[in-house]
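Visitor: Okay, here's the prediction I keep looking at, along with the sequence it came from:
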Amino acid sequence: MAKTKYWMSDGYGAKALIEGADERDKWKPLGWSEADEPAAGDRVWLRHEDHGGRALFPAESVDLWQQKGWQPSDPPQPINPFNAPQPADVVEAAPTANTTTSPAPAGKAMSDKSREQ
């Protein structure tokens, strides 16, 4: 029987459970490599079965989180910075009818007599 699930590591202590040889091969060019099962000190990608969120958890706590609906999974898909969503444009508020655009009043003007002294 062919192996269908692979533990992979990003080389920085994070491990993920990848399903299928095609998925495994997709992650290899992104810096992931096949690894042993998680051990103490590793972090494991888990995905919640209800809402689908993913997060990294310490390997020592995986059993506790599985009871709460989190299961070992693949990591989130990498984001290509050239195709990432752009932040919303900042729109300046239009001036209201009560605002004035005149400059602040200047200091007290000098009279001709004070200039002569």
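Guide: Ah, there it is. Numbers count the residues shown, from 1 in each chain.
Visitor: Name the nearest residue to A16, sequence neighbours excluded.
Guide: Computed as CB to CB, 6 or more residues apart in numbering, the closest residue to A16 that is not its neighbour in sequence is W45, at 4.3 Å. No exception for glycine: its C-beta is placed from N, CA and C like everyone else's.
Visitor: Mind listing the residues bridging to the one you found?
Guide: Per DSSP bridges, the residues bridged to W45 are L56.
Visitor: ok, now which ones touch R43?
Guide: G13, A14, K15, L56, F57, P58, A59 (CB atoms under 8 Å, 6 or more residues apart in numbering).
Visitor: Phi, psi for the second one please.
Guide: Okay, so that is A14. phi -100, psi 130 (degrees, to the nearest 10).
Visitor: Burial check on it, number of neighbours?
Guide: Neighbour count for A14, taken as other CB atoms under 10 Å: 16.
Visitor: Check whether it really touches G41, as I assumed.
Guide: No: using CB atoms under 8 Å, A14 is not in contact with G41, being 11.3 Å away.
Visitor: Helices of this protein, start to end?
Guide: If DSSP state H is used as the criterion, the helices of the chain fall at 21-27, 62-66, 112-116.
Visitor: how about TSV for these, with mean neighbour count, distance to W7 and mean pLDDT added?
Guide: Output for the helices of the chain, formatted as TSV (neighbours: other CB atoms under 10 Å; distance: least, CB to CB, whole Å; pLDDT from 0 to 100):
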stretch	mean neighbour count	distance to W7	mean pLDDT
helix 21-27	14	10	94
helix 62-66	13	12	95
helix 112-116	7	85	53
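Visitor: what's the closest of the ones you listed to P75?
Guide: For P75, the closest of the helices of the chain is helix 21-27, at 8.0 Å, according to CB to CB.
Visitor: Strands of the chain, start to end?
Guide: 5-9, 14-19, 33-34, 43-48, 54-58, 70-72 (DSSP state E).
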